[in-house]
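Q: this one's sequence-less:
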């Protein structure tokens with residue numbers, strides 16, 4: 001079993017974690033070392049019907065974060081704008097200083 005975090009564009013997004021079988025995980029994250037996927041890309045790759053079936057299985061397996069042991073992947077929903085930060089669909093993409101500059105936010109202007 002693998003844990004995936006699902007993050008959508010809603011302001012009230014819960015950043016919930018779901019447990020899925022290794023088989024379902026591999027369908028969502030098919031490439032070696034891939035741990036990021038965008039729902040829109042998943043639909044394009046396997047179609048709406050198969051994506052709906054995968055997601056339906058996922059919704060039934062919500063986990064309590066305090067009880068999980070690791071997150072193996074992240075599925076973004078309605079967040080295509082974040083694709084620029086994950087060119088290889090790997091969390092490690094964020095370690096690239098060039099990508100970090102693209103998303104830089106000046107928090108002092110928000111205070």
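A: Here it is on my side, so go on. Computed from a predicted structure; not experimentally measured. Residues are numbered from 1 along each chain as shown.
Q: now do the helices in this protein.
A: Counting by DSSP state H, the chain forms helices over residues 22-28, 39-46, 48-59, 97-102, given from the N-terminal end onward.
Q: compare the ones you listed and report which one is nearest to residue 67.
A: Distances from residue 67 to each of those were compared using CB to CB; the minimum, 17.2 Å, belongs to helix 48-59. (C-beta placed from N, C-alpha, C; glycine too.)
Q: now do that closest one: which elements does it pack against?
A: Secondary structure elements in contact with helix 48-59, counted by 3 or more CB pairs under 8 Å, 6 or more residues apart in numbering; DSSP states H and E, are strand 17-20, helix 22-28, helix 39-46.
Q: picking that back up, as JSON lines, the helices of the chain with distance to residue 85 and mean pLDDT would be great.
A: Output for the helices of the chain, formatted as JSON lines (distance: least, CB to CB, whole Å; pLDDT from 0 to 100):
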{"stretch": "helix 22-28", "distance to residue 85": "19", "mean pLDDT": "96"}
{"stretch": "helix 39-46", "distance to residue 85": "14", "mean pLDDT": "97"}
{"stretch": "helix 48-59", "distance to residue 85": "22", "mean pLDDT": "91"}
{"stretch": "helix 97-102", "distance to residue 85": "5", "mean pLDDT": "68"}
